[in-house]
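**Student:** Pasting the sequence and the predicted model now:
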Amino acid sequence: MTTTHARGAGHLAQRVITFAVLGIAALAIAAPFLWIFRGAISPSDAELYRLPPTLFPSSATFANFGKVTTQVPYFHFILNSLIVAGTITIAQLITCSTAGYAFARLRFPGKNVAFALVIGSLMIPLQVTIVPLFLVMSKLGLTNTLWALILPGVFSAFGVFLLRQHFLSLPAELEEAAKLDGAGAARTFFQVMLPLSGPALATLGILTFTYWWNDLLLPLVMINDTETQTLPVGLVLLAGRFSTGSLGTIAAGITMAIIPVLLVFLVAQRYIVQSIASSGLKL
């Protein structure tokens, strides 16, 4: 009994410590977002400089959210970002899944060399290629259009690597059974392998959408027209020249910008759980 009680106390202490550490980590992650929301509902910027700081403003207001839409074409920025991030996400799910399956399961000449080139491209940052990329888009007449932001992101070396590793982890017996049923490579991919790839596709979708939703460099270089800009540039415009914009208005704009990404994450997270449950995979 003494040993049993000691083990029970040890497990309880371990669980308490685990929950305490996770709670502190969650609070540290959520604190900046809570502070941004506090600034969004503050009646004046002076509330953000109050010492000692308070968790809630003296009088909450939602007027800052209305100021966002009057100072800049905010909904145009959101629409442009949705078009860019959504199109790139769909394109990468198509290109990366097909390329990843080819590198993982198919045999063709030069496969290892081609995959080495794909992996090697991960070492080249976007900043290095931004000038030649701008020159190419300029020659094609695509600068100052959303295509200049979409086309560079259609293919992702990281996405190919991620999905290749996923397809390698799937049992080879699935393909063998499909071949016995007379299925070719394309039918095996679309009807057998792809339905089991929900978690990997959802993960790639979340990462891709979040990255291109937050991208600031490419729109700054490729786009000059304010109406064609994306949301990150719009938030910079809210700050004003020399950062003279209202902090409350900027915080309101940031709060509104978080919502689409949060919705995408929640939807994809649910899909990951459903995919794991329906496929019978054990993690």
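**Tutor:** Received it, and whenever you're ready, just let me know what you need.

**Student:** Buried residues, stretch 95-113. List them.
**Tutor:** 95-105 (16 or more other C-beta atoms under 10 Å). C-betas here are computed from N, CA, C, even on glycine.

**Student:** same thing with stretch 216-232?
**Tutor:** The neighbour-count check on stretch 216-232 (16+ other C-beta under 10 Å) flags 218-219, 221-223, 228-232 as buried.

**Student:** quick one: which two of these are the most distant?
**Tutor:** V221 and L231 (16.3 Å; C-beta to C-beta).

**Student:** Can you give me the buried ones in stretch 163-170?
**Tutor:** For stretch 163-170, by 16+ other C-beta under 10 Å, it's 163-164, 166-167, 170.

**Student:** got TSV for those, with pLDDT too?
**Tutor:** Below are the buried residues of stretch 163-170 laid out as TSV (pLDDT from 0 to 100):
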residue	pLDDT
L163	90
R164	91
H166	87
F167	88
L170	82
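
**Student:** which one among the residues you listed gets closest to F115?
**Tutor:** Looking across those and measuring by C-beta to C-beta, the closest to F115 is R164, at 7.6 Å.

**Student:** Could you grab the helix/strand/coil label for the residue nearest to that closest one when sequence neighbours are not counted?
**Tutor:** Nearest non-adjacent residue to R164, counting by C-beta to C-beta, 6 or more residues apart in numbering: G100, 4.1 Å away. Here G100 is recorded as helix under DSSP: H, G, I helix; E, B strand; the rest coil.

**Student:** is it true that G100 touches L163?
**Tutor:** Yes - judged on C-beta atoms under 8 Å, G100 makes contact with L163 at a distance of 3.1 Å.

**Student:** Now do the same contact list for the closest residue to L220 other than its chain neighbours.
**Tutor:** Nearest non-adjacent residue to L220, counting by C-beta to C-beta, 6+ apart: V233, 6.2 Å away. By C-beta atoms under 8 Å, 6 or more residues apart in numbering, V233 lies in contact with 77, 216, 219-220, 223.
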